[in-house]
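Trainee: Need the 3D shape of this:
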Amino acid sequence: MELVIAAISLGLLGSFHCIGMCGPIALALPVHQYSTLKKYLGIFLYNLGRVVTYTFLGVVFGLLGQSFFLGGFQQILSIVIGVLLLLSVIFTNVKALNTTKGLGFIYSFINSVKLQLGNLFNKKGLHFLFFIGLLNGLLPCGLVYLGIAGAIATGHYIKGAEFMFYFGIGTVPVMYAVAFLGQFITLKYRNHIRQAMPYVVSMMAVLLIIRGLNLGIPYLSPQFEKETHKVSCCEKPENGKPIIKCSPKKCH
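Mentor: Got it, this is the predicted structure:
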């Protein structure tokens, strides 16, 4: 339940960032020619597509987190995620990143996604809105980075998928409002939200780094428990006599 609450809260509170970043896509959705009922359905399909993509990302990055947890690298993982989030804030200039060796393929992929999105906006039919949502979920977004960090931190692919699913659900109310009432949200307000997001991401990054430092501070930087893999050699039935299941060493 805590995982669900954390994911929905992150999605809901962070989704105001979507007004500045994803708002233009939601505003441009080709639904305004439909009746009110079909408009609701179209926006639902768009958001469903986003949630499906987020859930898939939760599976992928949950698997990554699981490999770290099985290796006992929870501390390192938390610090690395925090550092990467800070770097994502520092290197916000796409032109600067394009000059970095080895990152060109990332921007080729992003440009391909944008091209496909442009093609879908010219299509007629409600079902295309679902695919717009699918692709929208793949675009770079500071809020999604935070969600992915949460998915990795769960340390399990199923929990990662669950986290990202509820994270996506948390973003739906604001995205619905943007699609319907976007004309009342001024460009100035969207720019303010966009400018505030790097500070939010930076704060989350610092918290993750502090968490990984294992300072023993409840909730903020708790002690990571080291997993021990012990094999029980004895079982005690109701009569209290031990049953030896392997080499008889010490049975209490």
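Trainee: the helices in this protein, which residues?
Mentor: 2-14, 16-21, 23-27, 36-70, 74-90, 94-98, 104-121, 127-136, 142-154, 157-181, 187-212 (DSSP state H).
Trainee: Quickly compare those helices and say which is most buried.
Mentor: Among the helices of the chain, helix 142-154 has the highest mean neighbour count (mean count of other Cβ atoms under 10 Å), at a mean of 24. Glycine gets a C-beta too; all of them are placed from N, C-alpha and C.
Trainee: other SSEs contacting it?
Mentor: If contacts are counted by 3 or more Cβ pairs under 8 Å, 6 or more residues apart in numbering; DSSP states H and E, helix 142-154 sits against helix 2-14, helix 16-21, helix 36-70, helix 74-90, helix 157-181, helix 187-212.
Trainee: Lowest average confidence across the ones you listed, which one?
Mentor: Sorting the helices and strands packed on helix 142-154 by mean pLDDT places helix 16-21 lowest, at a mean of 65.
Trainee: could the helices of the chain be laid out in TSV, adding distance to Pro218?
Mentor: Shown next, in TSV, are these (distance: least, Cβ to Cβ, whole Å):
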stretch	distance to Pro218
helix 2-14	15
helix 16-21	29
helix 23-27	38
helix 36-70	21
helix 74-90	16
helix 94-98	38
helix 104-121	38
helix 127-136	38
helix 142-154	17
helix 157-181	22
helix 187-212	12
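Trainee: thought Gly65 was touching Ile152?
Mentor: Yes. Gly65 is in contact with Ile152 according to Cβ atoms under 8 Å; the separation is 3.8 Å.
Trainee: ok, back up a step: with distance to Phe131 as extra columns, can I get the helices and strands packed on helix 142-154 in JSON lines?
Mentor: Shown next, in JSON lines, are the helices and strands packed on helix 142-154 (distance: least, Cβ to Cβ, whole Å):
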{"stretch": "helix 2-14", "distance to Phe131": "21"}
{"stretch": "helix 16-21", "distance to Phe131": "19"}
{"stretch": "helix 36-70", "distance to Phe131": "6"}
{"stretch": "helix 74-90", "distance to Phe131": "27"}
{"stretch": "helix 157-181", "distance to Phe131": "16"}
{"stretch": "helix 187-212", "distance to Phe131": "25"}
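Trainee: Which among the ones you listed is found nearest to His127?
Mentor: Closest approach to His127 among the helices and strands packed on helix 142-154 is made by helix 36-70 (6.9 Å; Cβ to Cβ).
Trainee: what angle separates the closest one from helix 157-181?
Mentor: Between the axes of helix 36-70 and helix 157-181, defined by axes from the mean of the first three to the mean of the last three Cα atoms, to 10 degrees, the angle is 150 degrees.
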